[in-house]
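Visitor: Build me a model from this:
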Amino acid sequence: MLRQSKRGERVRARLDTLPKLLIDKYKRYGSRRVALRHKDLGYWKEHSWEDYFFRVKYLALGLECLGLSPGNRVAIIAESCPEWFW
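Guide: Numbers count the residues shown, from 1 in each chain. Got it, this is the predicted structure:
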């Protein structure tokens, strides 16, 4: 992604982490583009970048409220489903 610097130069923004990339996609596409599709009972369901962003945000806040902090690990023992990508 390119952005303007204070001096008017074009500068490539550093999207070097998953959170930065997610925020960039949310701001650029919002509810206008599909971020994830999956089949549920034979029907395709779609999730926009806005859906994706808010699900990740509230999951992260929930984990933080439970006492998780940077560096902690979480394991998921369940059948595969798209929600594990958030």
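
Visitor: those strands in this structure, which residues are they?
Guide: Using DSSP state E, the strands found in the chain span residues 2-4, 10-12, 34-40, 43-48.

Visitor: Sheet partners, orientation included, of the third one?
Guide: Looking back up the chat, that one is strand 34-40. strand 43-48 (antiparallel) (DSSP bridges).

Visitor: Which residues does the strand it pairs with contact?
Guide: 29-39, 55, 82 (C-beta atoms under 8 Å, 6 or more residues apart in numbering). For the C-beta atoms, the positions are set from N, CA and C on the backbone; glycine is no exception.

Visitor: so how far is that strand from its chain's centroid?
Guide: In terms of C-alpha atoms, centre = their mean, to the nearest Å, the centre of strand 43-48 is set 16 Å apart from its chain centre.

Visitor: Likewise for stretch 40-49?
Guide: Worked out by C-alpha atoms, centre = their mean, stretch 40-49 lies 17 Å from the chain centre.

Visitor: What is the end-to-end distance of it?
Guide: The first residue of stretch 40-49 is 19 Å away from its last residue (C-alpha to C-alpha, to the nearest Å).

Visitor: which of the residues in it are buried?
Guide: 47-49 (16 or more other C-beta atoms under 10 Å).
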